[in-house]
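**Student:** my questions concern the predicted model and sequence given below.
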Amino acid sequence: MDGHAKNGYDLNKYTKVLSDNPAFPWVSKLNSSARQAMAERAWAAISRFFENCKNKVPFKKGFPRFRKLQNRASVEYKQSGWSLSQCRQYITFTDKFGIGTMKLRGTRDLNYYQLKQIKRVRIVRRVDGIYVQFCIDHERKEQLEPTGKSLALDLGLTHFYTDSDGNKVENPRLLRKSEKTLKKAQRRLSRCAKGSKNRAKARIRLGKKHLKLQHQRKDWCVKLALCVIMSADIVAYEDLQVRNMVRNHKLAKSISDAGWSIFTQWLEYFGKVYGRVVVAVPPAYTTIDCSNCGQQVHKTLTTRTHHCPHCSYTACRDWNASRNILNKGLELFRNTDGQSGIYYASGESDLCLYKATSTSKSSRRKRKIQQ
Ligand SMILES: [Zn+2]
(Lines give C-alpha, C1' and ligand atoms only; values in the text may rest on other atoms or scores of the structure.)
Protein backbone atom coordinates (compact mmCIF):
# COMPACT_ATOMS: atom_id res chain seq x y z
CA MET A 1 0.00 0.00 0.00
CA ASP A 2 2.97 2.34 0.58
CA GLY A 3 4.34 1.36 -2.84
CA HIS A 4 7.68 -0.07 -1.70
CA ALA A 5 7.21 -3.48 -3.26
CA LYS A 6 7.27 -3.31 -7.04
CA ASN A 7 7.28 -7.04 -7.67
CA GLY A 8 7.07 -10.40 -5.94
CA TYR A 9 10.80 -10.44 -5.33
CA ASP A 10 10.62 -7.19 -3.32
CA LEU A 11 7.85 -8.65 -1.22
CA ASN A 12 9.92 -11.74 -0.63
CA LYS A 13 12.84 -9.68 0.61
CA TYR A 14 10.52 -7.67 2.83
CA THR A 15 9.62 -10.78 4.84
CA LYS A 16 13.25 -10.85 6.03
CA VAL A 17 12.99 -7.19 7.11
CA LEU A 18 9.81 -8.00 9.03
CA SER A 19 11.39 -10.97 10.75
CA ASP A 20 14.16 -8.70 12.10
CA ASN A 21 11.57 -6.25 13.39
CA PRO A 22 10.86 -6.91 17.11
CA ALA A 23 7.33 -5.54 16.70
CA PHE A 24 6.36 -8.72 14.85
CA PRO A 25 7.84 -11.54 16.95
CA TRP A 26 5.75 -14.22 15.24
CA VAL A 27 7.36 -13.53 11.84
CA SER A 28 10.77 -14.69 13.05
CA LYS A 29 9.20 -17.80 14.58
CA LEU A 30 7.82 -18.90 11.23
CA ASN A 31 9.97 -21.02 8.95
CA SER A 32 11.64 -18.84 6.30
CA SER A 33 10.21 -20.79 3.35
CA ALA A 34 6.74 -20.47 4.85
CA ARG A 35 7.30 -16.71 5.03
CA GLN A 36 8.20 -16.70 1.36
CA ALA A 37 5.16 -18.78 0.49
CA MET A 38 3.03 -16.18 2.28
CA ALA A 39 4.70 -13.41 0.29
CA GLU A 40 4.03 -15.31 -2.93
CA ARG A 41 0.37 -15.63 -2.09
CA ALA A 42 0.13 -11.95 -1.21
CA TRP A 43 1.79 -11.03 -4.49
CA ALA A 44 -0.56 -13.32 -6.40
CA ALA A 45 -3.49 -11.36 -4.97
CA ILE A 46 -1.89 -7.99 -5.76
CA SER A 47 -0.89 -8.85 -9.31
CA ARG A 48 -4.33 -10.33 -9.99
CA PHE A 49 -5.85 -7.01 -9.00
CA PHE A 50 -3.53 -5.08 -11.35
CA GLU A 51 -4.15 -7.58 -14.11
CA ASN A 52 -7.93 -7.13 -13.73
CA CYS A 53 -7.54 -3.35 -13.85
CA LYS A 54 -5.39 -3.55 -16.95
CA ASN A 55 -7.81 -5.89 -18.72
CA LYS A 56 -10.74 -3.66 -17.70
CA VAL A 57 -12.69 -6.50 -16.11
CA PRO A 58 -16.21 -5.17 -15.51
CA PHE A 59 -17.37 -4.30 -11.98
CA LYS A 60 -15.25 -5.32 -9.02
CA LYS A 61 -11.53 -5.67 -9.67
CA GLY A 62 -10.76 -7.63 -6.51
CA PHE A 63 -8.69 -5.23 -4.42
CA PRO A 64 -6.61 -7.44 -2.09
CA ARG A 65 -8.09 -7.78 1.37
CA PHE A 66 -6.42 -8.39 4.69
CA ARG A 67 -7.39 -11.65 6.26
CA LYS A 68 -9.50 -11.54 9.39
CA LEU A 69 -7.95 -12.93 12.52
CA GLN A 70 -10.32 -15.89 12.82
CA ASN A 71 -9.86 -16.71 9.16
CA ARG A 72 -6.08 -16.80 9.31
CA ALA A 73 -6.51 -20.47 8.92
CA SER A 74 -3.73 -21.68 6.69
CA VAL A 75 0.05 -21.74 6.57
CA GLU A 76 2.00 -23.04 3.62
CA TYR A 77 5.44 -24.62 3.93
CA LYS A 78 7.75 -25.41 1.07
CA GLN A 79 10.25 -28.24 1.38
CA SER A 80 11.52 -27.34 4.84
CA GLY A 81 9.96 -26.68 8.21
CA TRP A 82 8.29 -30.08 8.40
CA SER A 83 9.25 -33.72 8.42
CA LEU A 84 7.37 -36.96 7.98
CA SER A 85 7.93 -39.93 10.24
CA GLN A 86 9.41 -43.18 8.92
CA CYS A 87 5.98 -44.78 8.47
CA ARG A 88 4.62 -41.49 7.06
CA GLN A 89 1.68 -41.46 9.41
CA TYR A 90 2.93 -38.61 11.56
CA ILE A 91 4.06 -35.13 10.56
CA THR A 92 6.25 -32.89 12.68
CA PHE A 93 6.50 -29.15 12.18
CA THR A 94 9.97 -28.03 13.11
CA ASP A 95 9.77 -24.24 13.22
CA LYS A 96 9.55 -22.23 16.42
CA PHE A 97 5.78 -22.20 16.69
CA GLY A 98 5.92 -25.50 18.51
CA ILE A 99 3.04 -27.20 16.72
CA GLY A 100 4.89 -30.47 17.28
CA THR A 101 3.87 -33.86 15.94
CA MET A 102 0.45 -34.63 14.53
CA LYS A 103 -1.02 -37.92 13.48
CA LEU A 104 -2.32 -38.03 9.93
CA ARG A 105 -5.68 -39.62 9.37
CA GLY A 106 -7.10 -40.23 5.94
CA THR A 107 -7.26 -42.65 3.06
CA ARG A 108 -4.32 -41.48 0.95
CA ASP A 109 -1.10 -43.46 1.33
CA LEU A 110 1.89 -41.14 1.30
CA ASN A 111 4.27 -44.10 0.94
CA TYR A 112 3.22 -44.23 -2.69
CA TYR A 113 5.20 -41.05 -3.45
CA GLN A 114 8.86 -40.06 -3.24
CA LEU A 115 9.61 -37.54 -0.52
CA LYS A 116 11.01 -35.07 -3.05
CA GLN A 117 7.74 -35.17 -4.99
CA ILE A 118 6.09 -33.32 -2.12
CA LYS A 119 6.55 -29.70 -3.12
CA ARG A 120 4.37 -27.93 -0.60
CA VAL A 121 2.69 -28.73 2.68
CA ARG A 122 -0.20 -26.62 3.85
CA ILE A 123 -1.96 -26.66 7.20
CA VAL A 124 -5.58 -25.66 6.87
CA ARG A 125 -8.02 -25.19 9.69
CA ARG A 126 -11.59 -26.06 8.88
CA VAL A 127 -14.45 -25.95 11.30
CA ASP A 128 -14.29 -29.69 11.97
CA GLY A 129 -10.54 -29.98 12.46
CA ILE A 130 -7.09 -29.35 11.14
CA TYR A 131 -6.13 -30.64 7.73
CA VAL A 132 -2.74 -31.07 6.12
CA GLN A 133 -2.64 -30.71 2.36
CA PHE A 134 0.26 -32.15 0.41
CA CYS A 135 0.99 -30.67 -2.97
CA ILE A 136 2.55 -33.52 -4.91
CA ASP A 137 4.34 -33.32 -8.23
CA HIS A 138 2.89 -36.37 -9.90
CA GLU A 139 1.45 -36.83 -13.34
CA ARG A 140 -1.73 -38.82 -13.37
CA LYS A 141 -2.51 -40.53 -16.65
CA GLU A 142 -5.19 -43.14 -17.16
CA GLN A 143 -6.00 -45.15 -20.24
CA LEU A 144 -9.51 -45.21 -21.65
CA GLU A 145 -10.92 -46.82 -24.78
CA PRO A 146 -12.11 -44.24 -27.33
CA THR A 147 -15.87 -44.11 -27.59
CA GLY A 148 -16.15 -42.41 -30.99
CA LYS A 149 -18.64 -39.98 -29.54
CA SER A 150 -18.70 -36.26 -29.00
CA LEU A 151 -20.94 -34.57 -26.48
CA ALA A 152 -21.96 -31.03 -25.62
CA LEU A 153 -23.49 -29.80 -22.40
CA ASP A 154 -25.82 -26.87 -21.89
CA LEU A 155 -25.67 -25.96 -18.21
CA GLY A 156 -28.89 -24.65 -16.76
CA LEU A 157 -30.96 -24.20 -13.63
CA THR A 158 -34.10 -26.25 -14.28
CA HIS A 159 -31.88 -29.14 -15.33
CA PHE A 160 -28.24 -29.23 -14.31
CA TYR A 161 -27.30 -29.96 -17.88
CA THR A 162 -28.92 -31.02 -21.13
CA ASP A 163 -26.56 -32.86 -23.44
CA SER A 164 -26.58 -32.92 -27.23
CA ASP A 165 -28.23 -36.36 -27.24
CA GLY A 166 -31.21 -34.90 -25.42
CA ASN A 167 -30.44 -36.46 -22.02
CA LYS A 168 -31.18 -34.34 -18.99
CA VAL A 169 -29.65 -34.44 -15.55
CA GLU A 170 -31.72 -33.09 -12.69
CA ASN A 171 -30.36 -30.25 -10.62
CA PRO A 172 -29.85 -31.63 -7.10
CA ARG A 173 -30.61 -28.23 -5.43
CA LEU A 174 -28.61 -29.17 -2.38
CA LEU A 175 -28.87 -25.74 -0.79
CA ARG A 176 -32.64 -25.73 -1.07
CA LYS A 177 -32.76 -29.07 0.69
CA SER A 178 -30.66 -28.06 3.66
CA GLU A 179 -31.76 -24.43 3.74
CA LYS A 180 -34.17 -25.03 6.61
CA THR A 181 -31.60 -26.49 8.99
CA LEU A 182 -29.05 -23.87 7.92
CA LYS A 183 -31.46 -21.08 8.74
CA LYS A 184 -32.28 -22.64 12.08
CA ALA A 185 -28.61 -22.88 13.00
CA GLN A 186 -28.11 -19.30 11.85
CA ARG A 187 -30.96 -18.09 14.06
CA ARG A 188 -29.56 -19.94 17.03
CA LEU A 189 -26.22 -18.28 16.49
CA SER A 190 -27.65 -14.79 16.30
CA ARG A 191 -29.67 -15.31 19.50
CA CYS A 192 -26.54 -16.05 21.54
CA ALA A 193 -24.82 -13.18 23.31
CA LYS A 194 -21.65 -11.96 21.66
CA GLY A 195 -18.48 -13.47 23.06
CA SER A 196 -20.33 -16.19 24.95
CA LYS A 197 -19.37 -19.84 24.96
CA ASN A 198 -22.73 -20.84 23.57
CA ARG A 199 -22.19 -18.52 20.65
CA ALA A 200 -18.88 -20.19 19.88
CA LYS A 201 -20.57 -23.58 19.99
CA ALA A 202 -23.38 -22.37 17.74
CA ARG A 203 -20.85 -20.97 15.28
CA ILE A 204 -19.15 -24.34 15.01
CA ARG A 205 -22.48 -26.09 14.51
CA LEU A 206 -23.40 -23.71 11.71
CA GLY A 207 -19.96 -24.03 10.15
CA LYS A 208 -20.22 -27.80 10.10
CA LYS A 209 -23.55 -27.62 8.30
CA HIS A 210 -22.05 -25.36 5.64
CA LEU A 211 -19.06 -27.65 5.31
CA LYS A 212 -21.31 -30.65 4.81
CA LEU A 213 -23.15 -28.82 2.04
CA GLN A 214 -19.84 -27.97 0.37
CA HIS A 215 -18.77 -31.60 0.51
CA GLN A 216 -22.09 -32.82 -0.89
CA ARG A 217 -21.92 -30.39 -3.79
CA LYS A 218 -18.32 -31.26 -4.63
CA ASP A 219 -18.99 -34.97 -4.40
CA TRP A 220 -21.93 -34.70 -6.75
CA CYS A 221 -20.05 -32.56 -9.29
CA VAL A 222 -16.96 -34.79 -9.31
CA LYS A 223 -18.92 -37.97 -9.90
CA LEU A 224 -20.98 -36.41 -12.67
CA ALA A 225 -17.91 -34.93 -14.39
CA LEU A 226 -16.22 -38.32 -14.37
CA CYS A 227 -19.30 -39.94 -15.94
CA VAL A 228 -19.34 -37.34 -18.71
CA ILE A 229 -15.63 -37.78 -19.47
CA MET A 230 -16.02 -41.55 -19.57
CA SER A 231 -18.85 -41.35 -22.08
CA ALA A 232 -17.34 -39.22 -24.85
CA ASP A 233 -14.03 -38.39 -26.59
CA ILE A 234 -14.79 -34.71 -27.10
CA VAL A 235 -16.76 -32.78 -24.54
CA ALA A 236 -17.87 -29.22 -25.26
CA TYR A 237 -19.41 -27.01 -22.64
CA GLU A 238 -20.60 -23.44 -22.45
CA ASP A 239 -17.98 -21.20 -20.88
CA LEU A 240 -20.37 -19.30 -18.61
CA GLN A 241 -19.27 -16.13 -16.87
CA VAL A 242 -20.64 -17.22 -13.52
CA ARG A 243 -19.09 -14.25 -11.73
CA ASN A 244 -21.18 -11.85 -13.79
CA MET A 245 -24.34 -13.91 -13.80
CA VAL A 246 -24.41 -14.02 -10.00
CA ARG A 247 -25.02 -10.27 -10.13
CA ASN A 248 -28.58 -11.06 -11.12
CA HIS A 249 -29.95 -11.16 -7.57
CA LYS A 250 -33.05 -13.15 -8.36
CA LEU A 251 -30.97 -16.06 -9.62
CA ALA A 252 -27.77 -15.63 -7.59
CA LYS A 253 -28.63 -18.23 -4.98
CA SER A 254 -29.68 -20.86 -7.48
CA ILE A 255 -26.64 -20.23 -9.66
CA SER A 256 -24.24 -20.50 -6.75
CA ASP A 257 -26.03 -23.59 -5.54
CA ALA A 258 -25.70 -25.29 -8.91
CA GLY A 259 -21.92 -25.44 -8.71
CA TRP A 260 -21.19 -25.00 -12.43
CA SER A 261 -17.64 -23.79 -11.82
CA ILE A 262 -16.75 -26.80 -9.68
CA PHE A 263 -18.24 -29.06 -12.31
CA THR A 264 -16.35 -27.52 -15.25
CA GLN A 265 -13.08 -27.47 -13.29
CA TRP A 266 -13.37 -31.19 -12.68
CA LEU A 267 -14.38 -31.71 -16.30
CA GLU A 268 -11.10 -30.07 -17.34
CA TYR A 269 -9.14 -32.09 -14.83
CA PHE A 270 -10.59 -35.47 -15.79
CA GLY A 271 -10.20 -34.55 -19.46
CA LYS A 272 -6.50 -34.13 -18.82
CA VAL A 273 -6.16 -37.33 -16.81
CA TYR A 274 -8.05 -39.53 -19.24
CA GLY A 275 -6.75 -37.88 -22.41
CA ARG A 276 -10.11 -36.53 -23.55
CA VAL A 277 -10.61 -33.22 -25.32
CA VAL A 278 -12.58 -30.64 -23.36
CA VAL A 279 -13.63 -27.53 -25.27
CA ALA A 280 -14.98 -24.39 -23.63
CA VAL A 281 -17.32 -22.59 -26.01
CA PRO A 282 -18.09 -18.86 -25.66
CA PRO A 283 -21.78 -18.66 -24.74
CA ALA A 284 -22.83 -16.09 -27.34
CA TYR A 285 -25.91 -16.98 -29.44
CA THR A 286 -26.11 -20.59 -28.29
CA THR A 287 -29.72 -20.16 -27.18
CA ILE A 288 -30.88 -17.91 -30.00
CA ASP A 289 -29.55 -19.78 -33.03
CA CYS A 290 -31.48 -22.59 -34.62
CA SER A 291 -29.30 -25.67 -34.52
CA ASN A 292 -30.94 -27.01 -37.66
CA CYS A 293 -30.70 -24.09 -40.11
CA GLY A 294 -28.61 -21.49 -38.27
CA GLN A 295 -31.20 -18.69 -38.35
CA GLN A 296 -31.69 -16.59 -35.25
CA VAL A 297 -34.86 -17.18 -33.27
CA HIS A 298 -35.22 -14.78 -30.35
CA LYS A 299 -36.80 -16.00 -27.15
CA THR A 300 -37.25 -14.91 -23.56
CA LEU A 301 -36.26 -16.86 -20.46
CA THR A 302 -39.76 -18.25 -20.13
CA THR A 303 -39.90 -19.75 -23.62
CA ARG A 304 -38.97 -23.34 -22.94
CA THR A 305 -39.26 -24.76 -26.44
CA HIS A 306 -37.38 -23.74 -29.54
CA HIS A 307 -39.61 -23.49 -32.59
CA CYS A 308 -37.96 -22.27 -35.76
CA PRO A 309 -40.27 -20.43 -38.20
CA HIS A 310 -37.68 -20.79 -40.98
CA CYS A 311 -37.30 -24.57 -41.08
CA SER A 312 -40.05 -25.56 -38.60
CA TYR A 313 -37.56 -27.41 -36.41
CA THR A 314 -38.94 -27.85 -32.91
CA ALA A 315 -36.95 -28.98 -29.88
CA CYS A 316 -36.51 -28.31 -26.20
CA ARG A 317 -34.75 -24.98 -25.70
CA ASP A 318 -31.79 -26.48 -23.85
CA TRP A 319 -31.39 -29.33 -26.29
CA ASN A 320 -31.23 -26.84 -29.15
CA ALA A 321 -28.58 -24.89 -27.23
CA SER A 322 -26.47 -27.96 -26.55
CA ARG A 323 -26.56 -28.89 -30.24
CA ASN A 324 -25.28 -25.40 -31.03
CA ILE A 325 -22.55 -25.81 -28.44
CA LEU A 326 -21.55 -29.11 -30.01
CA ASN A 327 -21.27 -27.54 -33.46
CA LYS A 328 -19.26 -24.61 -32.15
CA GLY A 329 -17.06 -26.84 -30.03
CA LEU A 330 -16.21 -29.13 -32.93
CA GLU A 331 -15.50 -26.12 -35.12
CA LEU A 332 -13.16 -24.68 -32.49
CA PHE A 333 -11.47 -28.04 -32.09
CA ARG A 334 -10.87 -28.33 -35.84
CA ASN A 335 -9.59 -24.77 -36.08
CA THR A 336 -7.16 -25.20 -33.23
CA ASP A 337 -6.00 -28.68 -34.15
CA GLY A 338 -2.89 -27.23 -35.79
CA GLN A 339 -1.78 -26.12 -32.31
CA SER A 340 -2.06 -22.47 -33.26
CA GLY A 341 -3.99 -19.93 -31.27
CA ILE A 342 -4.71 -22.33 -28.46
CA TYR A 343 -5.39 -20.78 -25.14
CA TYR A 344 -4.62 -22.98 -22.17
CA ALA A 345 -7.02 -22.06 -19.43
CA SER A 346 -5.05 -23.51 -16.55
CA GLY A 347 -1.63 -22.56 -17.82
CA GLU A 348 -0.49 -26.15 -18.16
CA SER A 349 1.04 -27.31 -21.39
CA ASP A 350 -0.51 -30.74 -21.76
CA LEU A 351 -4.04 -29.66 -21.03
CA CYS A 352 -6.50 -30.46 -23.77
CA LEU A 353 -8.53 -27.36 -23.31
CA TYR A 354 -9.28 -24.80 -25.93
CA LYS A 355 -10.80 -21.56 -25.05
CA ALA A 356 -11.88 -18.89 -27.47
CA THR A 357 -13.03 -15.38 -26.82
CA SER A 358 -15.13 -13.77 -29.46
CA THR A 359 -17.13 -11.04 -27.76
CA SER A 360 -16.27 -8.53 -25.09
CA LYS A 361 -17.18 -9.66 -21.60
CA SER A 362 -19.70 -6.94 -20.83
CA SER A 363 -21.77 -7.53 -23.94
CA ARG A 364 -21.66 -11.25 -23.28
CA ARG A 365 -23.05 -10.62 -19.83
CA LYS A 366 -25.85 -8.44 -21.08
CA ARG A 367 -26.87 -11.04 -23.59
CA LYS A 368 -26.77 -13.77 -20.96
CA ILE A 369 -29.08 -11.92 -18.62
CA GLN A 370 -31.48 -11.19 -21.45
CA GLN A 371 -31.52 -14.83 -22.35
ZN1 LIG B 1 -34.29 -23.40 -38.24
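**Tutor:** Right, received. Where do you want to start?

**Student:** who in the stretch 201-350 of the chain is up against the ion?
**Tutor:** Taking Cβ under 5 Å from the ion as the test, the list of the stretch 201-350 of the chain residues beside the ion reads 290, 292-293, 308, 310-311, 313. For every residue, glycine as well, the C-beta is placed using N, CA and C.

**Student:** filter those residues down to the buried ones.
**Tutor:** For these, a neighbour count by 16 or more other Cβ atoms under 10 Å gives the buried set as 290, 292, 308, 313.

**Student:** can you lay out those as JSON lines showing secondary structure and distance to Lys96?
**Tutor:** Putting these into JSON lines (DSSP: H, G, I helix; E, B strand; the rest coil; distance: Cβ to Cβ, whole Å) gives the following:
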{"residue": "Cys290", "secondary structure": "coil", "distance to Lys96": "68"}
{"residue": "Asn292", "secondary structure": "coil", "distance to Lys96": "69"}
{"residue": "Cys308", "secondary structure": "coil", "distance to Lys96": "71"}
{"residue": "Tyr313", "secondary structure": "coil", "distance to Lys96": "71"}
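
**Student:** any idea which residue is closest to the centre of the chain?
**Tutor:** By Cα atoms, centre = their mean, the chain has its centre lying nearest to Ile262, at 4.9 Å.

**Student:** surely it meets Cys221?
**Tutor:** Yes. The pair Ile262 and Cys221 passes the contact test of Cβ atoms under 8 Å, sitting 4.5 Å apart.

**Student:** and the residue of the stretch 51-200 of the chain closest to the ion?
**Tutor:** Distances from the stretch 51-200 of the chain to the ion, computed as Cβ to the ion, single out Ser164 as the nearest residue at 16.4 Å.

**Student:** isn't that residue up against Leu151?
**Tutor:** Yes. Here Ser164 lies in contact with Leu151, judged by Cβ under 8 Å, at a distance of 5.9 Å.

**Student:** now do the shared contacts for those two.
**Tutor:** Shared contacts of Ser164 and Leu151 (Cβ atoms under 8 Å, 6 or more residues apart in numbering): Leu326.

**Student:** hey, where'd the helices end up in this structure?
**Tutor:** Residue ranges of the helices in the chain, as given by DSSP state H, are 8-20, 25-29, 32-54, 174-191, 197-231, 242-245, 249-258, 260-273, 317-335, 361-370.

**Student:** quick one on the thing from earlier: contacts only, for the residue nearest to the centre of the chain.
**Tutor:** Here Ile262 is in contact with 217-218, 221-222 (criterion: Cβ under 8 Å, 6+ apart).

**Student:** dump these to TSV, plus pLDDT.
**Tutor:** Written out in TSV, the entries for these read as follows (pLDDT from 0 to 100):
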residue	pLDDT
Arg217	91
Lys218	92
Cys221	93
Val222	94
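
**Student:** let's see if you can find the most crowded of the residues you listed.
**Tutor:** Counting by other Cβ atoms under 10 Å, Cys221 has the largest number of neighbours within the contacts of Ile262, with 22 neighbours.
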